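K.L.:
Have a look at this prediction, sequence included:
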Amino acid sequence: MSKLIDLMYNRYFLIFLLICNGAGTIYGYWWYRGQLSETPWQFIPFVPDSPTATLFLSILIILILAGRKWGLIDALVFTTLIKYGGWAVIMNLLTIAETGFISWVSLMLIASHGAMALQAFMFLPHLEIRMSHFLVTAVWLFHNDVIDYVYGQYPTYGQLSQYADHIGYFSFWLTVFVLVLLYQLVPRRSS
């Protein structure tokens, strides 16, 4: 465990992660291009969940490399990486179960989104939040759930759209879960 913590303070490893996540962010926004072209402008920030999570992580890595801190980014990184990384893994597994077909794209999405969730825990040594950051993050996540499942702006997953109500319910509890993890695992600053 101490070797992993040491690695998370290695400048070259952080630059490597920045390059990987930066490329993943660009690819992720490109992936959503079709859906974003049909999305009303006010909902656009809330549709591409995973690339926005890796964008937050890229910002965090830049801050770490610059010797700076921003607790709100810490909170958003931790929760969105776990929530949207885990969500995408589960949706891809459900798609495989629903269709009976495993594609290389599904495997790539499972691996890349699983890595997103894993990185949330890897970056724990760098994270520190205030209660205000926790509250703003909670509002962001629950607001995103409302935009997705009340206004119908959730990421499209082929045949799973017929289960949107169930997926929305699951997403609500996934938000609760990541907020509990944030509260329990990420140190809080009092001032």
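P.N.:
Good, I have the coordinates.

K.L.:
For this protein, which segments count as strands?
P.N.:
For the chain, no strands are identified by DSSP state E.

K.L.:
Over to residue 154: give its phi and psi.
P.N.:
Residue 154 adopts backbone torsions of phi -70, psi 160, taken as degrees, to the nearest 10.

K.L.:
Not counting residues beside it along the chain, what's closest to it?
P.N.:
The shortest distance from residue 154 to any non-neighbouring residue, by C-beta to C-beta, 6 or more residues apart in numbering, is to residue 148 (3.9 Å). All C-beta atoms are positioned from the backbone trio N, CA, C, and that covers glycine.

K.L.:
do residue 126 as well
P.N.:
residue 64 is the one closest to residue 126 (C-beta to C-beta, 6+ apart), at 5.6 Å.

K.L.:
That neighbour contacts residue 14, doesn't it?
P.N.:
Yes - contact status for residue 64 versus residue 14: in contact at 6.1 Å, counting by C-beta atoms under 8 Å.

K.L.:
In the protein, which helix is the longest?
P.N.:
Ranked by residue count and defined by DSSP state H, the top helix of the chain is helix 71-99.

K.L.:
same for that one, what does it pack against?
P.N.:
helix 49-65, helix 104-122, helix 131-149, helix 164-185 (3 or more C-beta pairs under 8 Å, 6 or more residues apart in numbering; DSSP states H and E).

K.L.:
Out of these, which is closest to residue 23?
P.N.:
Nearest to residue 23 among the helices and strands packed on helix 71-99 is helix 49-65; the distance by C-beta to C-beta comes to 9.3 Å.

K.L.:
Can you give me the buried ones in that closest one?
P.N.:
49-61, 64 (16 or more other C-beta atoms under 10 Å).

K.L.:
same deal with stretch 162-177?
P.N.:
164, 167-168, 170-171, 174-175.

K.L.:
The residue nearest to residue 52 when sequence neighbours are not counted and residue 99: what is the separation?
P.N.:
Nearest residue to residue 52 in three dimensions, chain neighbours excluded: residue 80, at 6.8 Å (C-beta to C-beta, 6+ apart). For residue 80, the distance to residue 99 equals 27 Å [C-beta to C-beta, to the nearest Å].

K.L.:
I'd like to know how many residues surround the residue nearest to residue 143 when sequence neighbours are not counted.
P.N.:
Counting by C-beta to C-beta, 6+ apart, residue 143 lies nearest to residue 46, which is 7.4 Å off, once chain neighbours are set aside. For residue 46, the tally of surrounding residues (other C-beta atoms under 10 Å) stands at 19.

K.L.:
which residues does residue 46 contact?
P.N.:
Contact analysis of residue 46 by C-beta atoms under 8 Å, 6 or more residues apart in numbering lists 143-144, 147-148, 153.

K.L.:
out of those residues, which are buried?
P.N.:
Here, 16+ other C-beta under 10 Å leaves 144, 147-148, 153 buried among the contacts of residue 46.

K.L.:
Test my guess that residue 51 contacts residue 22.
P.N.:
No - counting by C-beta under 8 Å, residue 51 sits too far from residue 22 to count as a contact (10.5 Å).
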